[in-house]
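Undergrad: Sequence and predicted model, in that order:
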Amino acid sequence: AHMNVGIGSVVPLLALCTPALAGVAFHAAPDPGAQPAPAVLGSPLVDAPWWTLREHDAALPRARYDGQAIARVTARTPAQSAALMRLADEVWSHSPPLAGPVDLRATPARLALLREYAEREGLALEVLVPDLQALIDAERAAIDEVLALDNAGWYQTFRPLAEVNARLDTLAGEFPTMASVATVGASIQNRAIRALTISGPSVPGNAASDRPQVLLNATQHAREWISTTTCLFIAEHLLRRYHTDPRVRTVMDRVQFIVVPVANPDGYEFTWTNDRYWRKNRRANAGGSFGVDLNRNWELGWGGGGSS
């Protein structure tokens with residue numbers, strides 16, 4: 001038996017791993033339907049080797065969001081909700097409602113259009129983030145401050161791809177009878193897609209490889225950093241509590257977990273080096289655009305609304 005679970009569906013497992021997190025809501029990062037691509041060299045990149053694609057990304061300037069705002073507008077009708085989403089640069093609500101509050105990213109010019117529409121329709125508009133770039137800068141400063149500490153806890157902040165991969169190796173080395181690391185694929189830019197397989201030790205009549213499998217995959221959307229952290233948190237706490245928590249031991253002795261903390265390594269790396277809010281992978285498309293939404297490109301449930 002196999003089960004593939006996106007990280008947004010595993011909150012019940014968090015309660016199992018640590019009672020202190022029971023009832024805590026983890027909200028997925030924004031999931032808009034469209035995203036502007038940076039300037040590119042053109043269609044020849046479609047067939048370019050992976051090292052050329054990496055060089056291309058390295059030469060791009062860092063994306064900035066100076067003066068852009070996140071505004072929440074409460075629509076009363078589906079028509080109003082649709083109109084608001086057309087006026088904004090990007091939809092930041094995870095599941096945009098037919099009516100009700102919708103969060104929108106807007107440049108100053110588009111924010112003015114949103115204000116005008118909201119006033120004409122009698123809708124409430126609240127600016128949640130007046131300057132998105134200031135938020136990005138503050139987040140990076142806080143991350144750098146923690147990473148500079150010698151005694152910082154691993155889950156005290158977000159971690160770049162190299163540190164995520166190193167953590168997988170650390171856990172496999174610390175729990176050799178319950179954990180192993182494997183490369184399950186390679187990205188378009190030739191970065192390893194790595195998985196941590198965990199389960200209770202094999203015993204006669206109950207081999208770990210024969211147990212039902214649960215796949216936890218995270219960060220298909222590159223900017224959803226919390227999903228990588230959450231995925232590793234679950235794996236590590238299952239391992240560390242195996243000998244002390246009977247509930248964890250029962251689960252681990254019956255199930256094999258395959259944990260992929262970064263399913264989109266190219267996009268994840270790009271959010272650290274170039275554009276904090278990049279969402280897709282880094283495939284070069286015909287016409288000069290970049291990226292596809294990995295979560296809509298599985299055989300099961302392929303495509304759908306907002307697919308690209």
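TA: Structure received.

Undergrad: quick one: Leu196 and Ile234 touch, right?
TA: No. Look at Leu196 against Ile234 with C-beta atoms under 8 Å: they stay out of range, at 10.5 Å. C-betas here are computed from N, CA, C, even on glycine.

Undergrad: Quick check: neighbours shared by the two?
TA: Val259 (C-beta atoms under 8 Å, 6 or more residues apart in numbering).

Undergrad: Contact partners for Arg283?
TA: Arg283 neighbours (C-beta under 8 Å, 6+ apart): 188, 290-292.

Undergrad: And it, how far from Trp154?
TA: Distance of Arg283 to Trp154, given as C-beta to C-beta, to the nearest Å: 31 Å.

Undergrad: Repeat that for Ala286.
TA: Per C-beta to C-beta, Ala286 is found 41 Å from Trp154.

Undergrad: Between those two, tell me which one has more neighbours.
TA: The residue with more neighbours, out of Ala286 and Trp154, is Trp154; 15 against 9, by other C-beta atoms under 10 Å.

Undergrad: Could I get the pLDDT score of that one?
TA: Trp154 carries a pLDDT value of 95.

Undergrad: Cross-check the contact I'm expecting between it and Arg167.
TA: Yes. Trp154 is within contact range of Arg167, at 6.4 Å (criterion: C-beta under 8 Å).

Undergrad: what's the closest of the contacts of Arg283 to Thr244?
TA: The closest of the contacts of Arg283 to Thr244 turns out to be Ile188 (C-beta to C-beta; 42.1 Å).

Undergrad: Retrieve the pLDDT associated with the residue nearest to that closest one when sequence neighbours are not counted.
TA: In this structure, Ile188 finds its nearest non-sequential neighbour in Arg283, 5.3 Å apart by C-beta to C-beta, 6 or more residues apart in numbering. Note for Arg283: predicted pLDDT of 94.

Undergrad: Likewise for Ala79?
TA: 95.

Undergrad: Closest one of the contacts of Arg283 to Pro61?
TA: Nearest to Pro61, judged by C-beta to C-beta, of the contacts of Arg283 is Phe290 at 14.5 Å.

Undergrad: so the closest one bridges to which residues?
TA: Ala284 (DSSP bridges).

Undergrad: Quick check: it vs Cys231, distance?
TA: Going from Phe290 to Cys231 by C-beta to C-beta gives 25 Å.

Undergrad: Leu147 now?
TA: 20 Å.

Undergrad: now do Tyr242
TA: Relative to Cys231, and taking C-beta to C-beta, Tyr242 is found at 18 Å.

Undergrad: can you count the residues close to Ala195?
TA: Using other C-beta under 10 Å, Ala195 is surrounded by 22 other residues.

Undergrad: quick one, what contacts it?
TA: 181-184, 258-260.

Undergrad: Quick check: can you name the pairing partners of the helix or strand that contains it and their directions?
TA: Following DSSP states H and E, one finds Ala195 within strand 192-198. Looking at strand 192-198 with DSSP bridges, its partner strands are strand 179-186 (antiparallel), strand 256-260 (antiparallel).

Undergrad: who wins for proximity to Ser202 among these?
TA: Closest approach to Ser202 among the strands paired with strand 192-198 (C-beta to C-beta): strand 256-260, 10.1 Å.

Undergrad: What lies in contact with the closest one?
TA: Taking C-beta under 8 Å, 6+ apart as the rule, strand 256-260 contacts 184, 193-199, 208-209, 211-218, 231-232, 234-235, 238.

Undergrad: Looking at the residue lying farthest from the centre of the chain now. What's its pLDDT?
TA: With distances taken as C-alpha atoms, centre = their mean, the residue sitting farthest from the centre of the chain turns out to be Pro204, at 38.7 Å. Per-residue confidence at Pro204 stands at 96 (pLDDT).

Undergrad: Show the contacting residues for it.
TA: With C-beta under 8 Å, 6+ apart, Pro204 has no contacts at all.

Undergrad: ok, it to Val248 distance?
TA: For Pro204 relative to Val248 (C-beta to C-beta), the value is 22 Å.

Undergrad: Then Arg211?
TA: Per C-beta to C-beta, Arg211 is found 15 Å from Val248.

Undergrad: Likewise for Gly173?
TA: Distance from Gly173 to Val248, by C-beta to C-beta: 20 Å.

Undergrad: Of the two, which one has the most company?
TA: Taking other C-beta under 10 Å, Gly173 and Val248 do not tie; Val248 has more neighbours (20 against 10).

Undergrad: so which helix or strand takes in that one?
TA: Counting by DSSP H and E, Val248 is part of helix 246-252.

Undergrad: quick one: that helix to chain centroid distance?
TA: 28 Å (C-alpha atoms, centre = their mean, to the nearest Å).

Undergrad: Touching that helix from outside, list them.
TA: Outside helix 246-252, the residues that reach it (C-beta under 8 Å, 6+ apart) are 16-17, 178, 198-200, 237-238, 241-243.
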